[in-house]
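Chemist: here is the input, now give the coordinates:
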Amino acid sequence: MTPERDDAGRFANRFGRPAAAVLVLLCGLTLLLGFINKDRCTGPAFDQWGRTQPDYDERNKQEVCYSDIQHLWIGRDIDRHVFPYVDGGINDKGILVGGSVEYPVLTGLVIWAGAIFAHNDAEYLLFSSLLMAPFGLLTGWILGKLARWRALLWAIGPPLILYAFHNWDLPVVLCSAAAVYVVHRWNRPLVDRATIASVLLGLGFAFKVYPAAFVLPLMLFVATGGWRGRELPEGKKADIAGAIKVGLASIITVVLVNLPFAVAGYDGWLASFEFQQLRRVDITTNSIWYWGLRPFIGDDAMQSLVGVISPITILISFAIAAGYGWLRFRREGSYPWIAVSGAMLCGFMLLHKVHSPQYTLWLVPFLVLLRVRLMWAFAYFAVDLAMGIGIFRWFWAIEFGQPAGIYDSFSAQAVMIGVWGRAALLVALFVVFLKARDVTEDDHDDTNFIRGAVAAKS
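Modeler: Numbers count the residues shown, from 1 in each chain. Have a look, this model is predicted:
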């Protein structure tokens, strides 16, 4: 398999159809294992509301097969097939009512669509999994095309088994991966490619918010002319107009997607944002703020402090990442937008007041796309596994009278390993990502092309 020059004049190491098919097949098998793992929590009987019986609340923690998808069948009017947001809202106790859910509108649509033919939580898990599986498969294909066999980190990695059908995260991960693919594989002018990518990131915002942060580094990549300035307009040192166009594309996408819901049911649409704003930092949030501050200050003081310090520190981390990217641009001639985006995600995951286990799925594509040592991925997978298993076993121990103290419960120890191990690795990955090359740089590496041509002749 030798590098070939593509139509845009860039160099690319091709990942052929047979290899891509094998990767997608492996990804499909991993998704199947992920579904089987979650499906262990369903049935065999169901009550009048379609909730799994017997002992659902105990089984989903003790057997480590809990899924938000199955769990939220009850409590968000999903079982009643209520169209989301339009007639919903949030009451004085902070509880969502009338079809509103705590996620942005496109995820709300996926949540609703998975329930159309479901009559109990088992069917809802099945139909939701079938609905989301293509997003996971397409992500695997895209990562394979971009990074070749390094994409196995996604296709057969433990996070896909643990979290593919834990929540509704596969669509948003696809948006991020597809944005990178469009920028670095389509045969169009840079501004056109980046504009489409920005639309995808805007759609990502409408699924789970975080991809919107990547628009800034993408704009800087466009403003500086892409790879070593080769796609700057003739006679210009910076493409400010192109960068603005890219930023506006994402803003317009977000507005167009959200506007129909805001018009049809403003209170229900706003409730999803209010819920996240009002969400308390507690034992279920898994964040460094809960475990780091709770021993030292009272609960009310902690809630107020985290409400201020979390968004501020997140923005500071974004500024540091973008600024370091600019230093790399001045030194190397290209703005490393993928590396900066990966570092921004690390900052967000570390400093946000909520760190749900499935957020690991957000990180895996950057472990694929950035040329960092595989030991970083394996280390993160290990501590994430401790958290992904330990947290539910610990909740089970607390709720059902089992030993749950740090000195007499392995699950409690696993949670501490997960919380602080992930935190330490996210700090390290923030730095490592910012210094890393990304896999798309091979597209522009004339040396690789020459070596490939020589090898082919010999």
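Chemist: now do stretch 285-305: distance from first to last residue.
Modeler: Across its full length, stretch 285-305 reaches 16 Å between end residues, using C-alpha to C-alpha, to the nearest Å.
Chemist: which residues belonging to that stretch are considered buried?
Modeler: 285-291, 293, 302-303 (16 or more other C-beta atoms under 10 Å). The way it works is simple: take the backbone N, C-alpha and C, and place the C-beta from them, glycine included.
Chemist: please apply the same query to stretch 89-107.
Modeler: Buried-residue list, stretch 89-107, by 16+ other C-beta under 10 Å: 89-90, 96-107.
Chemist: please identify which of these is nearest to V82.
Modeler: Of all those, V82 sits closest to G99, with 3.7 Å by C-beta to C-beta.
Chemist: which non-adjacent residue is nearest the closest one?
Modeler: Computed as C-beta to C-beta, 6 or more residues apart in numbering, the closest residue to G99 that is not its neighbour in sequence is V82, at 3.7 Å.
Chemist: again, but for L293
Modeler: Going by C-beta to C-beta, 6+ apart, L293 has M302 as its nearest residue, at 4.9 Å.
Chemist: helix or strand for the one you found, which one?
Modeler: Per DSSP states H and E, M302 falls inside helix 299-332.
Chemist: let me see the mean pLDDT of that helix.
Modeler: Mean pLDDT, computed over helix 299-332, is 96.
Chemist: in that helix, what's buried?
Modeler: 302-303, 306-307, 310, 314, 317-318, 320-322, 324-326, 328-329.
Chemist: stretch 275-283 too?
Modeler: So stretch 275-283, judged by 16+ other C-beta under 10 Å, has buried residues 275, 279, 281.
Chemist: do the same with stretch 420-427
Modeler: Result for stretch 420-427 [16+ other C-beta under 10 Å]: buried residues 421-423, 425-426.
Chemist: ok, those residues vs P54, which is closest?
Modeler: R422 (34.3 Å).
Chemist: tell me the contacts of F35?
Modeler: For F35, the contact set (C-beta atoms under 8 Å, 6 or more residues apart in numbering) comprises 125-126, 129, 133, 164-165.
Chemist: pick out the most distant pair among the residues you listed.
Modeler: The distance between the two most remote of those (C-beta to C-beta) is 13.4 Å, for L126 and A164.
Chemist: okay, these two: which has more neighbours?
Modeler: Remark: of L126 and A164, A164 carries more neighbours, 28 against 21, as counted by other C-beta atoms under 10 Å.
Chemist: spatially nearest residue to that one (excluding sequence neighbours)?
Modeler: That would be G34: by C-beta to C-beta, 6+ apart, it lies 4.0 Å from A164.
Chemist: shaky segments in the protein?
Modeler: Per-residue confidence for the chain (pLDDT under 70) gives these ranges: 1-13, 444-458.
Chemist: who are the packing partners of the one helix or strand P365 maps to?
Modeler: Using DSSP H and E, P365 falls within helix 360-369. Using 3 or more C-beta pairs under 8 Å, 6 or more residues apart in numbering; DSSP states H and E, the elements in contact with helix 360-369 are helix 121-147, helix 152-155, helix 158-163, helix 170-185, helix 337-351, helix 374-399.
Chemist: buried residues in the longest one?
Modeler: Right, the one you point to is helix 121-147. Result for helix 121-147 [16+ other C-beta under 10 Å]: buried residues 121-129, 131-133, 135-147.
Chemist: same thing with the last one?
Modeler: The neighbour-count check on helix 374-399 (16+ other C-beta under 10 Å) flags 376-377, 379-381, 383-398 as buried.
Chemist: same thing with the third one?
Modeler: Residues of helix 158-163 classed as buried: 158-163 (neighbour count, 16+ other C-beta under 10 Å).
Chemist: what sits against D169?
Modeler: 163, 208, 358-359, 361-362.
Chemist: and for S100?
Modeler: Here S100 is in contact with 76, 84-85, 88-90, 268-269, 271-272, 275 (C-beta under 8 Å, 6+ apart).
Chemist: helix, strand or coil for it?
Modeler: Put simply, S100 is coil when judged by DSSP: H, G, I helix; E, B strand; the rest coil.
Chemist: residues near the residue lying closest to it once chain neighbours are set aside, how many?
Modeler: The shortest distance from S100 to any non-neighbouring residue, by C-beta to C-beta, 6+ apart, is to G88 (3.0 Å). Per other C-beta under 10 Å, the neighbour tally for G88 reads 24.
Chemist: ok, G88 touching G268?
Modeler: Yes - under the criterion of C-beta atoms under 8 Å, G88 makes contact with G268 at 3.2 Å.
Chemist: overlap in contacts of these two?
Modeler: Common neighbours of G88 and G268 (criterion: C-beta under 8 Å, 6+ apart): 98-100.
Chemist: want to throw those residues into CSV with distance to A115?
Modeler: CSV is the format used below for these (distance: C-beta to C-beta, whole Å):
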residue, distance to A115
G98, 15
G99, 11
S100, 15
